[in-house]
Every structure is written in C-alpha cells, then in structure tokens.
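In: Sequence and predicted structure are below.
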Amino acid sequence: MIFPTKPHVVLLASPGLGHLIPMIGLATRLTKHHGFHVTIFVVTMEPGPNKHNLLPNNQSYNTSQDLYNLVVLPYVDSSAQMGLTDKIMTRLSIMMRGYIPTLRAELGSMQHNPTLLVVDLFGTEFLSLANEFNMIKYVYIPSNAWFLAETICVPLLDKQVKHEGPLNISGCKRVEYDDILDPVFDPGNRDYDVYVSIALDIGTADGVLVNTWEQLEPKTLFSLKNNNILREIFNKPVYPVGPLVRPVRPECLGGELLEWLDEQPKDSVLYVSFGSGGTLSSQQTIELAWGLEMSQQRFIWVLRPPIEHDVAGALFHAMDGQDKNITQYLPPGFMTRTRNSGKVIPMWAPQTEILAHSSVGGFLSHCGWNSTLESLVNGVPIIAWPLYAEQNMNAALVEEDLGVAIRPKVLPTKGVVGREEIMEMINKIIEEDDDGVKMRARVKEVQENAIKAYTIEGSTWKSFGQVANNCENRLKEQRAKAT
C-alpha cells in the first residue's frame, strides 16, 4: 500500500438514511477542514446498482469535487439467518455481520493505507478489522451522549430479572421506564443479546464520537469523562462532534413548494414527518389528519401508507410506487378542505430545507436524532412523537432537559393520540401561548450554542482537532513501521 500525505479515514454506515447522513457529515468535516482522504462504505438492505438508490427521489449528496469516495458494498443476502420474530436490532446486526469479509477485502485492496476506521452502532463487530490493518478504531454514535451512557451500562443489568423501574445511570439523568430502549425489557429476546454485545464491543474501541456538543449535554459528557463509576465501566475518550447535519440546499425545495412557503407568515407552518422508517396505523393517520384540520394551522405533511402494528415499517417494507394513491388513507374531503392551508407530500420531502425556511414554526417529529438536530440548529420547536429505537429518550431530552418540545400524554406506541390533543399541541406550538413563547425562546438559545460549538473555543472544534492529531500520529507510526 501507498502511504498518503494525509490520513485515510474509512467510515462504515449501516443501512438507512439515519446512519448514512451523519456519516456524510463526518466525512465532509474531515475532508474540508482537515484535508483527510475519506471513503464511506455503505451497507444496503436490498440490491442496488449505485449510490443514488440510497437516497429518496435521487437526492444525492454532492461528491463532484471528490470530497470523499462513497462506495456501496455488493449486496449480501442474510435473510436465511433471520427469524420471523426478530426485531430491528437483531436484523440489522445479522445483516451487517454478513459484510465483514467484503470490507476486509476492500481494505486490503485500497491504494492508500487506511489510518482510521469509524463504524456506527451496528458495525461494532467490524472493529477487529482495524487491528489487522494497524488502524485507529472509533465507534460513531449518531445519537446523543445520554443514549451512549445508557448503552454502556446495559451489560450490568441482571439478565434474569425483567426491568420494571427507571434505569439509574451514575452521574447522568435517569432513564424513565417508558423511555428505556425496548431490548432491556425482554432479556429473552435476541435483541437483548445484540444490545449487550454492542455495548461490550464499544469498550474495545479507541474512542467514541457522539453527534452532540458540550452545551447541549454538559452533565452527561462531564460524567462520561469524570464519573468514577462510569469510568470503571467505560474508560475511553468521548468526542462530541455535533451537530453534524446535512447542509441546506435551497434548490431542493422546488419552485411550487418554495413559492408556497414564501407566501406564508413567519413561524406559521407546522412540518409533519416521521423520518425514513416511521409509520402510523390507519386509525392514527385519520386522527392526525383531523387534528391538523381542526387546528386550522398551516402544515406540510409527509405522508406514507399506514402499516399496522409496525412503527418502523418503512425500514423493511418496500414502498415504491405507493405514493400515487396516498390520499386514500385520509378522511373524505380532507384534501379539499385543507387545500389552501396545507400540503400533503407523498413519501419524502426535503426536510432540512423545509425546517430552514423562515415560515416554518414547528416540527411534529418522530424524534430520530438526525431530525431532532435539524430542528434544533434551525431554531424550530418540536411536537415529540417517538416511535422506536432511542426516540423516547430523545423526546425526553428535548422536552425535560432542553424545554424545546411537548409530548402527547400517551406514548404513540402505547395508544392512539386523539385529534383533540393533537389540535391542542399544534396550537400551543404555532400560536405561541406562554408556554410556546418560552419554548421558542429556548430553542433559539440552543440554536446559538450549536453555532458556537464550531467556533475555535467550541467543543466540536476541539474534538475534531484531537481526532485529527490522533490520526496524524498513527500515520507517522504506520510509515515508521513500514520502513
């Protein structure tokens, strides 16, 4: 192999935009600000001939200036190893494991000697490859530091006793029962074993990158670094590298949508979306539609076909071609009655660009961490509607700690949220009553400190500097060893 003048970073992204987007943000930062060579390897859930299949509506990321190299690994079918009752975490883990030989071959055939391997939460089994190639190895948590703290504590739970109360994390905010990640509830399910294995694997890394920043989670980040109990469990450096979000590209809005948004008053539009994987039941879709209509507020709603009893249904169900008759799932006459106040967009919308528009004043969101960060960096308060994964924790963080969100009285995964409550939440966010005014002021403060994280004194700037120095030193070691 040839040793490059700058470190060569290899990033591995699990399937789904929720994992790819933060990896692309990381790659962009390392290339533009540190001059590193970066290759992103991407795992897909189904066969696809090119990178554009990874992104909805062919909205690809700009690699025309060769900022980084994006490589889609050849599809590996692992369905035979999956059981009918296996949940998301187990299925993703099995899928990723099948790609280990492929990535090993790719690393061995690279022209430039790789210096750093970064994997996300579902790629921790790949960390052993870094040892084969004398690479630094990091785990990238595309979520918050509180979720990292919960994860590293999971192996301490008694596998034989079903958890029935809040999870106390030394030095950190405790995780309430309803917000704990699902695998912890069922030690007999394979997801529990996968989660524990991931937690133990993280401890073998040289460090962890987290998509957060110091001012957003000061208590948790301090505890991960200084709390004696946590340090006994996990004694590795944690680098806050956020907020890493996709940059705004106004041209993605398109003429008609941009024109409509430009016509609306400031902070008057509610954006409704449940991410790349979230789905609602038929009954909940109807209730949401009535809540939007009854609120009489302006809205943009990204609508998918309902899927019963599977809140993450869009992750594993093909939905191509289902957008033509999408309005059949709405109450009769809904489109006519709301034609002047709302926009229903099938399947996908340019979320970052919508949230950045001045007319958008609220976000009804599943609280995936990418979406949460996009809302925060654009100063948009949130109606938190968590569905799966760590989204309940994200919702608790933005509501209880940051004060920039409201949540339904009943968890959307435990029951149907009624139209009256939906209407009340929307009006509280958009009409700016006393609570709404405080929420909007607080989210503007969070927006400002997100910007400060990237200044020369900010936590993100410092973290990237430390990571860059580590990579430069490892490259020198690799060269010395080769001579």
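Out: Alright, I've got the coordinates. Numbers count the residues shown, from 1 in each chain.
In: Burial check on residue 167, number of neighbours?
Out: Using other Cβ atoms under 10 Å, residue 167 has 19 neighbouring residues. From N, CA and C alone the C-beta is placed, and that goes for glycine too.
In: Surely it touches residue 178?
Out: No: using Cβ atoms under 8 Å, residue 167 is not in contact with residue 178; the gap is 11.3 Å.
In: outside of stretch 83-92, which residues touch it?
Out: Here stretch 83-92 makes contact (Cβ atoms under 8 Å, 6 or more residues apart in numbering) with 14-15, 82, 94, 122, 182-183, 189-191, 194-195, 312, 315-316, 388-389.
In: From the contact counts, what lies against the host helix or strand of residue 336?
Out: Using DSSP states H and E, the element containing residue 336 is helix 334-337. Where contact means 3 or more Cβ pairs under 8 Å, 6 or more residues apart in numbering; DSSP states H and E, helix 334-337 is packed against helix 282-295.
In: what bits of the stretch 251-400 of the chain have low per-residue confidence?
Out: The model of the stretch 251-400 of the chain has pLDDT under 70 over residues 313-324.
In: where do the helices sit along it?
Out: Secondary structure of the stretch 251-400 of the chain by DSSP state H, counting those that start in this stretch: the helices cover 255-263, 282-295, 313-316, 334-337, 351-356, 369-377, 391-396.
In: any residues touching the longest one, and which ones?
Out: So the one you mean is helix 282-295. 270, 272, 280, 299, 301, 303, 306, 308, 329-331, 334, 337-338, 342, 412, 416-423, 426-427, 430.
In: List the buried residues of stretch 98-105.
Out: Judged by neighbour count using 16 or more other Cβ atoms under 10 Å, the buried positions of stretch 98-105 are 98-99, 103.
In: Also stretch 186-203?
Out: Neighbour count says stretch 186-203 has 187, 189-196, 198-199, 201-202 buried, by 16+ other Cβ under 10 Å.
In: any idea how far it is from the chain center?
Out: In terms of Cα atoms, centre = their mean, to the nearest Å, the centre of stretch 186-203 is found 20 Å from the chain centre.
In: Please list the residues outside it that contact it.
Out: 83, 86-90, 93, 121-122, 124-125, 127, 139, 151-155, 157, 159-162, 181-184, 208, 233-234, 236.
In: Which among the residues you listed count as buried?
Out: Buried members of the contacts of stretch 186-203, scored by 16+ other Cβ under 10 Å, are 86-90, 93, 121-122, 124-125, 127, 139, 151-154, 181-184, 208, 233-234, 236.
In: out of those, which are inside strands?
Out: In strands, defined here by DSSP state E, the members of the buried ones among the contacts of stretch 186-203 are 139, 208.
In: List the buried residues for stretch 108-122?
Out: The neighbour-count check on stretch 108-122 (16+ other Cβ under 10 Å) flags 113-122 as buried.
In: my bad, should have said stretch 238-248
Out: By neighbour count on 16+ other Cβ under 10 Å, the buried set for stretch 238-248 is 238-246, 248.
In: Residue 452: which of the residues you listed is nearest?
Out: Nearest to residue 452, judged by Cβ to Cβ, of the buried residues of stretch 238-248 is residue 243 at 11.3 Å.
In: Show me what the longest helix seen in the chain is packed against.
Out: When the chain is parsed with DSSP state H, its longest helix is helix 459-482. Packing partners of helix 459-482 (3+ Cβ pairs under 8 Å, 6+ apart): helix 17-34, strand 116-119, strand 136-141, strand 207-210, strand 238-240.
In: Among the ones you listed, show me which one is buried the most.
Out: strand 116-119 (a mean of 27; mean count of other Cβ atoms under 10 Å).
In: possible to save the buried residues of stretch 238-248 as CSV with distance to residue 440 and pLDDT?
Out: CSV is the format used below for those (distance: Cβ to Cβ, whole Å; pLDDT from 0 to 100):
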residue, distance to residue 440, pLDDT
238, 31, 97
239, 31, 98
240, 25, 98
241, 27, 97
242, 22, 95
243, 19, 96
244, 24, 95
245, 20, 93
246, 23, 89
248, 20, 90
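In: Would you check which pair of those lies furthest apart?
Out: Greatest spatial distance in these: 238 and 248, 28.4 Å, computed using Cβ to Cβ.
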